[in-house]
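Undergrad: how would this look folded up:
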Amino acid sequence: MRIISGKHKGRRLVAPKNLPVRPTTDMCKESLFNILNNHFNFHGLKVLDLFAGTGNISYEFASRGAGSITSVDADLGCINFIKKTTSELDLDISTIKSDVFSFIERNKATYDIIFADPPYDLSQENFEKIIQLIFENELLDEDGMLIVEHSKHTKLEHMTNFSFSKNYGGSVFSFYEFESDEEVDFEDEEDEG
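TA: Numbers count the residues shown, from 1 in each chain. From the prediction side, this is the model:
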């Protein structure tokens with residue numbers, strides 16, 4: 001994997017082979033950050049990276065000047081790799097070894113961007129639960145954005161606060177944000193379907 005842009009542009013990182021991860025591909029990551037570039041100035045953003053794995057997404061945010069980044073993963077090997085890389089590159093990333101669901105339920109901080117990349121084989125119910133818990137526990141700032149990466153077989157566009165999605169091969173990014181009163185003028189708001 002490599003860092004695509006920012007201070008560490010072009011930097012290649014090699015994660016240990018034994019980590020239980022499926023890193024977001026460079027092509028998908030580049031597409032994701034092109035979208036985010038149109039919505040955010042990265043400087044000083046507060047970012048939460050759930051199911052952080054190798055830290056691939058966290059490094060990209062840090063390289064582009066995001067403020068404090070919190071990477072959460074249940075696997076100690078992943079957390080240790082992120083800590084090591086963070087130290088080597090002098091990045092502002094803090095790591096938390098935790099089950100993501102437990103973290104969401106007890107966390108009191110809020111974030112500008114939350115990125116969640118659960119294992120693709122996680123159940124549909126658990127994908128939905130992640131989104132529900134983030135909004136119920138008010139982890140996202142009012143102008144913030146939640147991005148969930150999932151396979152094309154998992155359908156999440158029916159969830160509350162869904163904004164849009166982008167497909168890249170077998171991967172999908174679903175974006176969620178609070179509706180702005182000024183911009184919303186949907187005739188089908190009452191529609192249950």
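Undergrad: And the pLDDT at the residue most central in space within the chain?
TA: With distances taken as CA atoms, centre = their mean, residue 115 lies nearest the centre of the chain, 1.0 Å away. Note for residue 115: predicted pLDDT of 98.
Undergrad: correct me, but it touches residue 53?
TA: No. With contacts counted by CB atoms under 8 Å, residue 115 stays clear of residue 53, the gap being 11.0 Å. Any C-beta I mention is one placed from the backbone N, CA and C, and that applies to glycine too.
Undergrad: Quick check: mean pLDDT of the top strand by length along the chain?
TA: The residue-count maximum for a strand in the chain (DSSP state E) belongs to strand 140-151. Taken as a whole, strand 140-151 has a mean pLDDT of 96.
Undergrad: what does stretch 90-102 give?
TA: Mean predicted lDDT for stretch 90-102 stands at 96.
Undergrad: could you check the angle strand 140-151 makes with the lowest-mean-pLDDT helix or strand in the chain?
TA: Using mean pLDDT, DSSP states H and E, the weakest-scoring helix or strand in the chain turns out to be helix 26-37, at a mean of 91. If you take axes from the mean of the first three to the mean of the last three CA atoms, to 10 degrees, helix 26-37 sits at 160 degrees to strand 140-151.
Undergrad: my read: residue 156 touches residue 150, true?
TA: Yes. Assessed by CB under 8 Å, residue 156 is found in contact with residue 150 at 6.4 Å.
Undergrad: can you list residues touching both of those two?
TA: 127, 174 (CB atoms under 8 Å, 6 or more residues apart in numbering).
Undergrad: With neighbour numbers in mind, choose between the two.
TA: Neighbour count, other CB atoms under 10 Å: between residue 156 and residue 150, residue 150 has more, with 23 against 17.
Undergrad: wait, the more buried one sits on residue 127?
TA: Yes. Taking CB under 8 Å as the definition, residue 150 is a contact partner of residue 127 at 6.0 Å.
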